[in-house]
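> Task: produce atomic coordinates for the following.
(one chain, ligands or ions: 1)
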Amino acid sequence: MWKNVPFFPEQASTLAGEVDALYFTFLGISVFFGLLVAGLVVFFAIRFRRRSEDEIGRPEKAGIWLEIIWSVIPLAILLAMFAWGAKVYVQAFRPPGNAIEYFVTAKQWMWKFQHPQGNREINNLHVPLGQPIRLTMTSEDVIHSFFVPAFRVKADVLPGRYTTVWFEASKVGTFHLFCAEYCGAEHSMMGGSIIVMEPADYEMWLAGRDSGPSVIASGEELFKLKACNTCHRSDSATLAPILHGVFGEEVEFEGGGTQIVDENYLRESIMNPTAKLVKGYKPLMPTYKGQMTEDEVLQLIGYIKSLASDAKEDHGAVSDSSSPDPVPDEG
Ligand SMILES: [Cu+2]
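Next comes the predicted model:
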């Protein structure tokens with residue numbers, strides 16, 4: 001009977017066991033000390049009760065060693081809990097290098113997914129078993145939260161910013177996806193499924209439908225369509241920074257400051273180009289705010305990211321992106 005009561009979600013990702021071990025250990029420690037303190041309160045209340053009307057209490061003096069012991073032992077336990085929690089947190093929010101990136105756009109009240117191969121899905125996401133999957137997520141309207149209990153994965157999805165989560169499914173099956181942040185009238189209906197398939201079945205699933213252009217191809221198309229290529233060409237370095245190899249590198253800004261180029265920085269540079277001007281360039285670029293959908297911005301960023309790995313493969317090293325010197329043409 002109890003098997004049918006979903007008291008605790010099943011473990012379906014590589015992280016789930018670790019999260020549960022942490023959770024139950026913390027729960028055990030809390031219950032143990034909670035009962036200990038409550039029990040001692042009752043015990044002392046009885047043991048040291050006032051026995052007659054005219055009894056006058058006398059001060060109790062605890063030894064210094066007792067004080068040290070009951071301070072140092074809980075301190076050690078709490079520090080160990082912190083260290084373990086921090087380790088699991090880092091594990092949960094640092095996707096491994098071989099993770100494959102999928103895009104997620106949330107809106108009232110649905111989840112839109114795009115596979116790197118180009119396939120799009122709404123509310124359902126098919127993924128292969130045993131492959132680390134990284135989700136780059138944003139929202140078109142309000143704050144949502146991506147929550148798959150069976151994977152022990154939950155992260156806010158914010159408008160105007162990218163957040164990421166990752167998971168590696170360890171079980172074939174269909175797992176419920178929730179929106180875990182109240183986002184309007186149909187919030188409770190904003191759910192879906194993550195469908196985990198054997199890698200071969202996933203390949204067949206992909207092949208069985210028209211995927212459309214891949215994320216990178218769509219991004220490259222947009223790069224031309226939005227005329228990004230008129231300035232960000234590899235032979236026009238005086239107008240705008242070259243984008244080959246820029247992703248993941250540090251850029252220097254006019255007026256000081258540096259930043260590693262990541263998804264959020266690229267998004268800001270597209271929407272608000274003058275916010276952080278790369279050293280040596282003038283504020284010539286117009287804003288693209290309101291001219292692209294969130295899906296398109298993600299595709300464009302996907303393309304710019306692919307230029308980074310191209311540059312690494314082609315030249316074995318990445319050029320200094322902050323310098324306006326022309327970079328060899330990637331073709
Ligand atoms: Cu929502």
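
> from memory residue 192 sits against residue 111, does it?
Yes: with contact defined as CB atoms under 8 Å, residue 192 reaches residue 111; the gap is 5.1 Å. All C-beta atoms are positioned from the backbone trio N, CA, C, and that covers glycine.

> who's more crowded, those two?
Set residue 192 next to residue 111 and count neighbours by other CB atoms under 10 Å: residue 111 wins out with 23 against 20.

> So what sits opposite the more buried one in the bridge?
Beta-bridge partners recorded for residue 111 (DSSP bridges): residue 106.

> Could you report the separation of it from residue 206?
Using CB to CB, to the nearest Å, one obtains 19 Å as the distance from residue 111 to residue 206.

> Residue 157 too?
Residue 157 sits 25 Å away from residue 206, going by CB to CB.

> So between these two, which is more surrounded?
Set side by side, residue 157 and residue 206 show unequal neighbour counts under other CB under 10 Å, the larger going to residue 157 at 28 against 16.

> Now do residue 158: how many residues are near it, please.
Close neighbours of residue 158, defined as other CB under 10 Å, add up to 17.

> what's the pLDDT at it?
The per-residue pLDDT reported for residue 158 equals 93.

> just checking, it touches residue 142?
No: counting by CB under 8 Å, residue 158 stays clear of residue 142, with 9.1 Å between them.

> So for residue 192 and residue 111, which residues contact both of them?
Where contact means CB atoms under 8 Å, 6 or more residues apart in numbering, the residues bridging residue 192 and residue 111 through contact with each are 122-123, 125, 177.

> which of those residues lies closest to the ion?
Closest approach between the shared contacts of residue 192 and residue 111 and the ion, by CB to the ion: residue 177, at 10.8 Å.

> backbone phi and psi for residue 208, please?
Note on residue 208: its backbone torsions stand at phi -80, psi 0 [degrees, to the nearest 10].

> That one and the ion, how far apart?
Counting by CB to the ion, to the nearest Å, the separation of residue 208 from the ion is 30 Å.

> Now residue 51: phi and psi?
Backbone geometry at residue 51, expressed as degrees, to the nearest 10, gives phi -90, psi -20.

> Against residue 277, how distant is it?
80 Å.

> I'm done for today, thanks for sticking with me.
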